[in-house]
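S.K.: let me see the structure of the following:
(chains A and B)
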Amino acid sequence: RKEVEQDPGPFNVPEGATVAFNCTYSNSASQSFFWYRQDCRKEPKLLMSVYSSGNEDGRFTAQLNRASQYISLLIRDSKLSDSATYLCVVLPLSGGYNKLIFGAGTRLAVHP
Amino acid sequence: EAQVTQNPRYLITVTGKKLTVTCSQNMNHEYMSWYRQDPGLGLRQIYYSMNVEVTDKGDVPEGYKVSRKEKRNFPLILESPSPNQTSLYFCASSRIQGSTEAFFGQGTRLTVV
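M.R.: Sure, this is the predicted structure:
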């Protein structure tokens, strides 16, 4: 079983739609969680961290469910520019240093 | 400007011909790592380094070497490349603790024929 699992998609949605991605992780001791965005053939970039209480950044909302070991990302009012691959990233409790574990990504395609 | 710089961006080489992909960061980060990205498999860590002269294997280290003689540089060495090492490679750096945002280089697309 992969340490971090995501639905690869693609999710094809019209502009203005609301779309949600989920991600599950296997290590219950994981301590930090993130969503990264990767445009086609480009490097991943941090989109947002995921906090236990849930957090929002504009049209993006991230939530964490430790009991069920999943993380979600909600995008409201989708824009064409949101088309990208979204990577779920987990930091396991492993010596306290930054060994990030990446999911394979969920591809989003927003169409007019 | 804070950045991670990889070179080359694109490389086509032949089996067995040694090559080095360079990576340099200007953020004084302690932690640097190399990943390869293949379709359906996501980013897999090859090697990482927690500081100068401290390196360790990641999840897929076979066929690769690294060195960390200076804090800013972390080259990836393929002593005898094989076609199964054809992939997209990313170098990343971050602080070793605290802020855990990882900054990535622009990637190196390697083809081994």
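S.K.: what pairs with the one helix or strand residue B:109 maps to, parallel or antiparallel?
M.R.: Counting by DSSP states H and E, the element that carries residue B:109 is strand B:108-112. Under the criterion DSSP bridges, strand B:108-112 sits next to strand B:10-13 (parallel), strand B:87-94 (antiparallel) in its sheet.
S.K.: just say which of these is most tucked in.
M.R.: strand B:87-94 (a mean of 24; mean count of other CB atoms under 10 Å in any protein chain shown). Where C-beta positions appear, they are placed from N, C-alpha and C, glycine not excepted.
S.K.: isn't residue A:24 up against residue A:2?
M.R.: No. Counting by CB atoms under 8 Å, residue A:24 does not reach residue A:2; the two are 9.1 Å apart.
S.K.: just to revisit the earlier point, how about residues contacting the strand holding residue B:109?
M.R.: With contact meaning CB atoms under 8 Å, 6 or more residues apart in numbering or on different chains, strand B:108-112 is reached by A:41, B:6-15, B:19, B:21, B:81-90.
S.K.: I figured residue B:54 hits residue B:68, correct?
M.R.: Yes. Using CB under 8 Å, residue B:54 makes contact with residue B:68 at a distance of 6.8 Å.
S.K.: neighbour count: these two, which is higher?
M.R.: Higher neighbour count among residue B:54 and residue B:68: residue B:68, with 19 against 11, using other CB atoms under 10 Å in any protein chain shown.
S.K.: quick one: the nearest residue to the more buried one once chain neighbours are set aside from residue B:57, how far?
M.R.: Closest residue to residue B:68 apart from its sequence neighbours, by CB to CB, 6 or more residues apart in numbering or on different chains: residue B:49 at 4.2 Å. Remark: distance between residue B:49 and residue B:57 (CB to CB, to the nearest Å) = 11 Å.
S.K.: same deal with residue B:109?
M.R.: 23 Å.
S.K.: now residue B:76
M.R.: On the measure of CB to CB, residue B:76 and residue B:57 end up 13 Å apart.
S.K.: got the buried residues for the host helix or strand of the residue nearest to residue B:68?
M.R.: Assigned by DSSP H and E, residue B:49 falls within strand B:42-51. Neighbour-count burial for strand B:42-51, counted by 16 or more other CB atoms under 10 Å in any protein chain shown, picks out B:42-50.
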